[in-house]
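Undergrad: show me the folded form of this:
(2 chains)
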Amino acid sequence: MAPDKVALRLEVEDFHTDYCAALDEGRYEAWPGFFTEDCLYLIVPRDNFDRGLPLALMRCESRGMLQDRVASLRETLFYLPRTLRHMVSGIRATVQADGSIAAEANYLILQTGHDRKAELFNYGRYIDRFVREDGALRLKERTCVFDSVTVPSSLVVPL
Amino acid sequence: MTQAAPWAKNDVTTVPFWIFTDPEIYRREQELIFQGPFWSYVGLEAEVPNPGDFIRTEIGDKPVIVVRDETGEINVLVNRCAHRGVALCYHDHGNAKELVCPYHQWTYDLRGKLLGVPFRRGYQGQGGMTEDFSPADHGLQKLKVARRGGTIFASFDHAVEDFETYLGPTTLRYFDRVFTGRPLAVLGHSRQRIPSNWKLMVENIKDPYHGSLLHVFLVSFGLYRLDQKSKVEMDDTGRHATLSSTRGEQVANDATQQMRSFKPGFKLADTRLLDGVKEFSGDETVAVQTLFPNLIIQQQTNTLAMRQIVTRGPNAFDLVWTFFGYADDSEEMRRRRLRQANWMGPSGFVSVDDSEVLTISQDGIAAYPDSSALYKMGGSHIRDEQHMVTEGAVRGFYRYYRQVMGL
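TA: Model (predicted):
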């Protein structure tokens, strides 16, 4: 395999590792920084996605809206304590004609709830469009399409 | 029943916790309420626009199929083959010319009539169904159907009163405010399984008192707050309720002083999230209805949703959200509705507060079945009010619930 293709995949993998670590460790303020200012972030159940229905559980149409989600986690929402752990695998990434990077990956999120019950909380795939800003990858678009259509209780922390 | 604490006759200011956990109570609710003479929500016509279109859903915990036949009529059929009970519709949605059970290929038309039984007459003179077998007696059980303004309701009990009488004039007036007959467009579904008894969801939406305290988002942005012009209105029986209000400003006053949740300084980085326009008749900017037994209709600014309750035993229910707009919405309005959908659903800026509180409500209730809940805010009477400091609509619900359940 071409070395540049492997290098790209490793770069995307490093991105996922940093992104997931920020969420799993509760460093939510770092999360909007993984996106471009004019980003689009969506969490869509797979049945809606497959049927072309536009509804998203979270729809953030700018980095500001991502920051508003973080602010809600810190200041406005009532939610029970939980521990989340992301697993990412099956990364595919290709450079597009416009220089952006189209990528997909599978994700699995395990949750330990307030009642100490452990469960498979959410799983599906990331459908991503990356661009480079100041040499670093940033998400211009991320759609989290989740196969686990019924959400256990509430989906509070972004995927 | 295992309950130890008696429920004083006619008392609706206290409700014993065992009604939220007892398996026998749950069984009776399925029989007397979800299969009783009441209209349960099953879907929108926009989900089955063409002949042959079907969806599957549940009333209480009973699977049913909603299907539009060749004549354009909508039929609601029990999802249970008359032969061995197979739930023969196993796709969430689709289009079919007939309903075929995969097990022995018993085939039904879209009205539930049994059309064919393979090898009914046997093969080469051997086997076959008994002489007394009549296909006419073995159709899919059919429910009574009501349609209004693009919505579909069904009842297991064909003696149910007509839908308009069932709602009563006040509830119907608010219902028609959203469902004017203008064709609807489905924006999508979301589903969550909440580990709490279904009645706690119903009473949450009949309780305006919590809205100003629990929901920082609503309170801070004046979307629903105790000091605003508001109403609680019921039908004559108390089984349905409408909570409505008129949007205000993010200003502090003598009421917000009692709301620890009011954050006058809280600002959004992207205020498009709050961009709402006046759309419906009257002053109200929000009207949320609870229709007995399984539906919450949400109109908050421009976000519209049906929240269908599907029971999953005494200790859990699924909340199935169908967000919708109108087929002739401008692109701008459609985007506004999709943005405002952030307020509601399993990740809603507002509704997460409720699903999380309901979880720990059940934790506390299930552990102490001999205790009871108190509903004395706003007095002990049941009547319409022009304020939010009341649990009157919750009392109305439990008065009616006791009648239906014989409790």
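Undergrad: so who does B:G150 touch?
TA: Going by Cβ atoms under 8 Å, 6 or more residues apart in numbering or on different chains, B:G150 touches B:L44, B:E45, B:A46, B:F179, B:G181, B:R182, B:P183, B:L184. In this view, the C-beta of every residue, glycine as well, is placed from N, C-alpha and C.
Undergrad: next, count neighbours for the last one.
TA: The reference is to B:L184. Neighbourhood size, B:L184 [other Cβ atoms under 10 Å in any protein chain shown]: 23.
Undergrad: distance of it relative to B:R147?
TA: Going from B:L184 to B:R147 by Cβ to Cβ, to the nearest Å gives 12 Å.
Undergrad: still on that earlier bit, let me have the contacts of B:G150 in TSV, extended by pLDDT.
TA: Listed next are the contacts of B:G150 as TSV, based on pLDDT from 0 to 100:
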residue	pLDDT
B:L44	98
B:E45	98
B:A46	98
B:F179	98
B:G181	96
B:R182	97
B:P183	98
B:L184	98
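Undergrad: just the buried subset of these, please.
TA: The neighbour-count test (16 or more other Cβ atoms under 10 Å in any protein chain shown) marks B:L44, B:E45, B:A46, B:F179, B:L184 as buried among the contacts of B:G150.
Undergrad: hmm, the last one is touching B:F323, no?
TA: No: in terms of Cβ atoms under 8 Å, B:L184 does not count as a neighbour of B:F323; the distance is 10.6 Å.
Undergrad: which residues touch the closest residue to chain A within the stretch 101-250 of chain B?
TA: Distance from chain A to each residue of the stretch 101-250 of chain B (Cβ to the nearest Cβ) is smallest for B:G188, at 2.4 Å. Neighbouring residues of B:G188 by Cβ under 8 Å, 6+ apart: A:V44, A:P45, A:N48, A:L53, A:P54, A:L55, A:A56, B:T322, B:F323.
Undergrad: dump those to TSV, plus secondary structure, neighbour count and distance to A:L159.
TA: TSV is the format used below for the contacts of B:G188 (DSSP: H, G, I helix; E, B strand; the rest coil; neighbours: other Cβ atoms under 10 Å in any protein chain shown; distance: Cβ to Cβ, whole Å):
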residue	secondary structure	neighbour count	distance to A:L159
A:V44	strand	23	10
A:P45	strand	25	12
A:N48	helix	22	15
A:L53	coil	17	19
A:P54	coil	19	18
A:L55	coil	24	16
A:A56	coil	27	11
B:T322	strand	21	22
B:F323	strand	27	19
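Undergrad: distance to A:Q67 and pLDDT added to those, as TSV?
TA: Shown next, in TSV, are the contacts of B:G188 (distance: Cβ to Cβ, whole Å; pLDDT from 0 to 100):
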residue	distance to A:Q67	pLDDT
A:V44	21	98
A:P45	25	98
A:N48	25	97
A:L53	27	98
A:P54	23	98
A:L55	22	98
A:A56	17	98
B:T322	30	98
B:F323	24	98
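Undergrad: what is the nearest of those to B:L214?
TA: B:F323 (22.3 Å; Cβ to Cβ).
Undergrad: in contact with B:S330, which residues?
TA: Applying Cβ under 8 Å, 6+ apart, no residues contact B:S330.
Undergrad: for the spatially closest residue to B:G128 that is not a sequence neighbour, grab the count of nearby residues.
TA: Leaving aside its sequence neighbours, B:G128 sits nearest to B:G122 (Cβ to Cβ, 6 or more residues apart in numbering or on different chains; 3.0 Å). By the criterion of other Cβ under 10 Å, B:G122 has 10 neighbours.
Undergrad: B:G122 and B:E164: what is the separation?
TA: Counting by Cβ to Cβ, the separation of B:G122 from B:E164 is 51 Å.
Undergrad: ok, B:L268 next?
TA: Taken as Cβ to Cβ, the span from B:L268 to B:E164 is 41 Å.
Undergrad: with B:K263 instead?
TA: 43 Å.
Undergrad: okay, those two: which has more neighbours?
TA: B:K263 (17 against 14).
Undergrad: next one, pLDDT for the more buried one please.
TA: Note for B:K263: predicted pLDDT of 78.
Undergrad: excluding residues flanking it in the chain, which one is nearest it?
TA: B:S220 (4.6 Å).
Undergrad: so what's the one you found up against?
TA: A:T76, B:Q250, B:S261, B:F262, B:K263, B:P264, B:F266.
Undergrad: quick check: closest non-adjacent residue to the third one.
TA: Using Cβ to Cβ, 6+ apart and skipping the chain neighbours, the partner closest in space to B:S261 is B:V216 (4.3 Å).
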